[in-house]
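Participant: sequence first, predicted model second:
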Amino acid sequence: MDRAFTLSAPPDVVWPWFVQLGKRRAGWYLPRSVERFMPSGRRGIRYLDSELQGLAVGDVIPDWGGKDATFEVAILAAPHALVHISTRGNVALSWAITLTERPAGSTRMHLRLRLGGVKHERLAEAGGGFVDWLTIDGLAAGLRERLRELP
């Protein structure tokens, strides 16, 4: 599953937001219009937290894919690439986030989710693709909002 969007800030400004992203970290960035329907403890933070910036290759972070689901940081090349890997039962997955500087100081975000060992590929493509589209669209809107609010 491949998704892309553009943010109106350079990669070095966008990068820290992705470093702190995640469950029991900064959360998932959604716009206020969506977050107002969520319990306050489940909303993504709206600031950069220096305590969440120390991510390193090999770190394991919680994921929303289940109670014990985690991701391991496989690649961390600031401010251009962050790759997480995980195994969920028989399914191996990777989630790559790449940032490419564009003209006028903007950043093109490319997010690629890869699944291996899926039994029902068409179901994963249709159902998983819809969920992926919905969450990435929300992430893009939430990040745009947070970047506009920066001092």
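Facilitator: Perfect, I can see it now.
Participant: can you count the residues close to residue 143?
Facilitator: For residue 143, the neighbour count with other CB atoms under 10 Å is 23. C-beta: built from backbone N, CA, C; applies to glycine.
Participant: how about it: what's its closest non-neighbour residue?
Facilitator: Closest residue to residue 143 apart from its sequence neighbours, by CB to CB, 6 or more residues apart in numbering: residue 29 at 5.2 Å.
Participant: contacting residues around the one you found?
Facilitator: Each residue near residue 29 by CB atoms under 8 Å, 6 or more residues apart in numbering is listed here: 17, 21, 44, 138-139, 142-143, 146.
Participant: residue 56 too?
Facilitator: Counting by CB under 8 Å, 6+ apart, residue 56 has contacts 73, 76.
Participant: 6 Å instead, please
Facilitator: Listed by CB atoms under 6 Å, 6 or more residues apart in numbering, the contact set of residue 56 is empty.
Participant: tell me which residues in the longest helix belonging to the chain are buried?
Facilitator: With DSSP state H applied, the helix covering the greatest number of residues in the chain is identified as helix 129-148. Across helix 129-148, burial judged by 16 or more other CB atoms under 10 Å covers 132, 135-136, 138-147.
Participant: distance of the residue nearest to residue 143 relative to residue 116?
Facilitator: Remark: distance between residue 29 and residue 116 (CB to CB, to the nearest Å) = 27 Å.
Participant: again, but for residue 41
Facilitator: If you measure residue 41 against residue 116 using CB to CB, the figure is 34 Å.
Participant: the two - which one has more neighbours?
Facilitator: It is residue 116, of residue 41 and residue 116, that has more neighbours when counted by other CB under 10 Å, with 10 against 6.
Participant: the more buried one and residue 94 touch, don't they?
Facilitator: No: using CB atoms under 6 Å, residue 116 is not in contact with residue 94, being 8.5 Å away.
Participant: please report phi then psi for the residue nearest to residue 19 when sequence neighbours are not counted.
Facilitator: Excluding the flanking residues, the one nearest residue 19 by CB to CB, 6+ apart is residue 55, at 4.9 Å. Main-chain dihedrals, residue 55, degrees, to the nearest 10: phi -70, psi 140.
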